[in-house]
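Enquirer: Turn this into a model:
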Amino acid sequence: MKPMMPRHVLAAGFLLAATASVAQAQAPGEVLVAPPGPVAQPAYVVVPAPQQVDPMRHRISVGLNMGGLNLGESGSEFSVAELAIRYRLSRRIELELSSFGGVQTTGDDYYYDDNYDATGSLAIGARYRFLPERKLNWYASAAIGGAIVAPHNSDEETLANSQRGLFMLGIGGEWRFRPHWALQAEARLVSLSPLGTENEVYPPPGQPYPDTARVNGDGIGGGMFTLGLSIYL
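Expert: So this is what the prediction gives:
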């Protein structure tokens, strides 16, 4: 009977044979690298683009505003309505023709019956829009013109003598909720020039001389706040 080789000798022989076969298959200097595993894909966050409009598509707009006007140190307040016609000259600039009018609601010149004041104006102005393509945008405005503050039942001569220069400076915001429709809110500083000495209006004899928009011949400052609706044509 042939002598049997020890098991550990056989195992060593198989190991040497396997190592030799791998060494023959591998080129000199080559390093065996394990195949790459799955690569994680980068995560992307989708940010919706701001809603936009074409500011030059509808250049003409008509606006109707309602609000309040406060004039004079006495705080004479007027409820006013305003009509404005605008033309878009460029993406950011609009030209405006506007007129407001209203009647007095409070103030110191209620010193005899049926003597509340009325006001009216006509002005040309411009708007500068900061975000013209956005549906929700804001703007700065300025306007010059003329205004009248006088008793509501004044005759033509009194109205002519009550004319003042008008300057307004404002800031506002607009929401273009439909292609042809927009809502807006605007706050303005209002300045009225002085009356000439010959044009000053005095209270009736024996009545107090309140510091009101009508009887004070000096320049008058105040403020206006309006809410409005515009249609784009």
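Enquirer: ok, residue 128 touching residue 139?
Expert: Yes: counting by C-beta atoms under 8 Å, residue 128 sits close enough to residue 139 to count as a contact (6.0 Å). Any C-beta I mention is one placed from the backbone N, CA and C, and that applies to glycine too.
Enquirer: Neighbour count for the two, which is higher?
Expert: residue 139 (21 against 13; other C-beta atoms under 10 Å).
Enquirer: and the strand or helix carrying that one, what other elements does it pack with?
Expert: Secondary structure assigned from DSSP states H and E places residue 139 in strand 136-151. Applying 3 or more C-beta pairs under 8 Å, 6 or more residues apart in numbering; DSSP states H and E, one finds that strand 136-151 makes contact with strand 93-106, strand 117-129, helix 156-161, strand 163-178, strand 181-192.
Enquirer: got those as TSV, with mean pLDDT columns?
Expert: Rendered in TSV, the data for those read as follows (pLDDT from 0 to 100):
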stretch	mean pLDDT
strand 93-106	94
strand 117-129	96
helix 156-161	88
strand 163-178	96
strand 181-192	97
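Enquirer: would you list these in CSV and tack on distance to residue 135?
Expert: CSV is the format used below for the helices and strands packed on strand 136-151 (distance: least, C-beta to C-beta, whole Å):
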stretch, distance to residue 135
strand 93-106, 16
strand 117-129, 12
helix 156-161, 42
strand 163-178, 4
strand 181-192, 9
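Enquirer: right, and those - which one's nearest residue 81?
Expert: Ranking the helices and strands packed on strand 136-151 by distance to residue 81, with C-beta to C-beta as the measure, places strand 93-106 first at 6.3 Å.
Enquirer: got the contact list for residue 179?
Expert: Contacts were defined as C-beta atoms under 8 Å, 6 or more residues apart in numbering; by that measure residue 179 touches 53, 57, 58, 232.
Enquirer: what's the answer for residue 64, then?
Expert: With contact taken as C-beta under 8 Å, 6+ apart, residue 64 is in contact with 81, 82, 83, 84, 228, 229, 230.
Enquirer: same thing but at 6 Å, please
Expert: Under the criterion of C-beta atoms under 6 Å, 6 or more residues apart in numbering, the neighbours of residue 64 are 228, 229.
Enquirer: in its sheet, what does the strand or helix carrying it sit against?
Expert: Following DSSP H and E, one finds residue 64 within strand 60-71. Here strand 60-71 is paired, per DSSP bridges, with strand 76-88 (antiparallel), strand 220-232 (antiparallel).
Enquirer: Mind listing what's buried along the first one?
Expert: This points to strand 76-88. 76, 77, 78, 80, 82, 84, 86, 88 (16 or more other C-beta atoms under 10 Å).
Enquirer: what does stretch 87-101 give?
Expert: Along stretch 87-101, these residues count as buried under the neighbour rule (16+ other C-beta under 10 Å): 88, 94, 96, 98, 100, 101.
Enquirer: Nearest residue to the first one in space, ignoring adjacent ones along the chain?
Expert: What it means is residue 88. Once its chain neighbours are removed from consideration, residue 88 has its nearest residue in residue 59; the separation is 4.0 Å (C-beta to C-beta, 6 or more residues apart in numbering).
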